[in-house]
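Undergrad: I would like the atomic coordinates for the input below:
(chains A and B)
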Amino acid sequence: MRTGQVSFGGILKEVNLAYVPEAKVDNYVIVHVGFAISVLNEEEAHRVFDTLNQLNALDNPDGDLP
Amino acid sequence: MKYVDEYRNSREADLFANAIRQSTTQSWTLMEICGGQTHSIAKYSLQDLLPKEISLLHGPGCPVCVTPISLIDKAVHIAAQPDVIFCSFGDMLRVPGSREDLLTVKSKGGDLRIVYSPMDALKIAQDNPQKEVVFFAIGFETTAPANAMAIYKAKLDDIKNISFLVSQVIVPPAIRTILDSPENRVQGFLAAGHVCTVMGYREYEPISKDYRIPIVVTGFEPLDILQGIYLCVKQLEEGRAEVENQYSRSVLKEGNLSAQKIIQEVFQIVPRQWRGIGEIAQSGLGLREAYARFDAENKFSCEIHSQERSSECISGLILQGIKKPNECQAFGKSCTPEFPLGATMVSTEGACAAYYRYQSVQS
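TA: Residues are numbered from 1 along each chain as shown, chains lettered A, B, ... in the order given. All right, here's what the predicted structure looks like:
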């Protein structure tokens, strides 16, 4: 079974990668009880900030995000 | 992008809070399912950022809290056997059973080991062939892939001295139970991001449709939760009832298919008791026949009459969102994390423990 070193804020732990066959070096993963259950999608990760930018544009048509 | 700090910015949180305030024209009651979300809400005082019309109820998604007392008693019984090494996640040790908790068994000399992953229990079994190793396999869908893999691997490697005391539960039937209750006040749900990372969110679509209720799959950081609330409130205000995915950086609609495959290989759907709630049909996972020899309940048969100790404790009502922790007479008085009366005060994911730790939410 494939395992990998995952850094938890600098602390390295061996994590089981059986459920994330697509995981590559430098990816961010969600780990639960020793198993990675997803590889974070960078594009999707920005969506919350896109929403914030839209909300901000409605509130302050000329301003950047406060 | 490190996917953590970015989601904790207070000025951006204020922007969401403003948007929620502007969208809200009437009172709405939402429930976050997961104990991890409850913890975040308490830790970051998110309720204080919301308009008074929005109330948050805390759901049953704390695996330690809902593990039935009968299984705690069985765990205590098994862990006390002389040739047993009992392995568990750490926060199960203080959960009160009818007479004792697991920590008491350890203090009396029981070989009880806290493990980080069920795979650690496999290693302990291989290193101690003369002992019977038992792992307390509790959890929701998030933990099921790890527990299933440990059981699958035990069979594959023919490890004979390990068994699993299984208390796996699943979220969707619990949501239906909450909605079916005559006391239900929930008008929208924040579904648990990591449960849906594993299972996806197709199962939630019929629930949303049948009960005409918004369900937003939501993450755990403050901005995630505020965005989840914002999306939920917008649906309610616009008269929509859909399943939306706020936590798309981790959750796919179909979930993690390779994890689901192992879960289905090892487990089947069974009825389960939920502590404080009672039996919910089709709400648990139990071992399939092919894995029955790894079932600790078969290996260590015992008749135990389980009974809740404290009549003061209202954790059942808290788990169903009917009461809040600070509405309990025992809260912070006869019930504290040092001397918990109920499981919701034990686990870090329990609503009572979260309220106790972050006192400000009590106001």
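
Undergrad: contacts only, for the closest residue to chain B within chain A.
TA: Sorted by distance to chain B under CB to the nearest CB, the residues of chain A start with A:Gly34, at 2.8 Å. Quick note: C-beta positions are derived from backbone N, CA and C, even for glycine. For A:Gly34, the residues meeting the contact criterion (CB atoms under 8 Å, 6 or more residues apart in numbering or on different chains) are A:13, A:15-16, B:116-120, B:146.

Undergrad: quick one: buried ones out of those residues?
TA: Those of those that meet the buried threshold are A:15-16, B:117-120, B:146, by 16 or more other CB atoms under 10 Å in any protein chain shown.

Undergrad: for the helix or strand encompassing B:Ile225, packing partners?
TA: Secondary-structure element containing B:Ile225, defined by DSSP states H and E: helix B:222-238. Taking 3 or more CB pairs under 8 Å, 6 or more residues apart in numbering or on different chains; DSSP states H and E as contact, the helices and strands that helix B:222-238 lies on are helix A:47-59, helix B:10-23, strand B:28-34, helix B:35-43, helix B:46-49, strand B:54-61, strand B:188-192, strand B:215-218.

Undergrad: before we move on, the earlier item: need the nearest residue in space to the residue of chain A closest to chain B, chain neighbours excluded.
TA: Residue nearest to A:Gly34 in three dimensions, not counting chain neighbours: B:Ser117, with 2.8 Å by CB to CB, 6 or more residues apart in numbering or on different chains.

Undergrad: quick one, grab the pLDDT at the one you found.
TA: B:Ser117 is assigned 96 on the pLDDT scale.

Undergrad: list the residues that contact it.
TA: When contacts are counted by CB under 8 Å, 6+ apart, B:Ser117 touches A:16, A:33-35, B:146, B:150.

Undergrad: redo those as a markdown table? Include pLDDT.
TA: Listed next are those as a markdown table, based on pLDDT from 0 to 100:
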| residue | pLDDT |
| --- | --- |
| A:Asn16 | 97 |
| A:Val33 | 95 |
| A:Gly34 | 96 |
| A:Phe35 | 98 |
| B:Ala146 | 98 |
| B:Ala150 | 98 |
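
Undergrad: what does the strand or helix carrying B:Gly286 contact?
TA: B:Gly286 is part of strand B:278-287, with elements assigned from DSSP H and E. Applying CB under 8 Å, 6+ apart, the set of residues contacting strand B:278-287 from outside is B:144, B:151, B:164, B:166-170, B:173-174, B:177, B:263, B:266-274, B:294-295.

Undergrad: chain A contacts on the stretch 101-250 of chain B?
TA: Where the stretch 101-250 of chain B comes near chain A, counting by CB under 8 Å from any CB of the partner chain, the residues are B:116-120, B:139, B:142-143, B:145-146, B:149, B:153, B:194, B:197-198, B:223-224, B:227, B:246, B:248-250.

Undergrad: flag the shaky bits of the stretch 51-200 of chain B, pLDDT-wise.
TA: Per-residue confidence for the stretch 51-200 of chain B (pLDDT under 70) gives no ranges below the cut-off.

Undergrad: repeat that for chain A.
TA: Going by pLDDT under 70, which is the cut-off in play, chain A has low-confidence ranges at A:59-66.

Undergrad: and the strands in it, which stretches?
TA: Counting by DSSP state E, the segments of chain A that form strands are A:3-8, A:11-16, A:29-32, A:35-39.

Undergrad: can I get those strands in CSV including distance to B:Asp83?
TA: Rendered in CSV, the data for the strands of chain A read as follows (distance: least, CB to CB, whole Å):
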stretch, distance to B:Asp83
strand A:3-8, 31
strand A:11-16, 29
strand A:29-32, 31
strand A:35-39, 29
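
Undergrad: and those strands, which is most packed in?
TA: Highest mean neighbour count of these: strand A:35-39, a mean of 24 (counted as mean count of other CB atoms under 10 Å in any protein chain shown).
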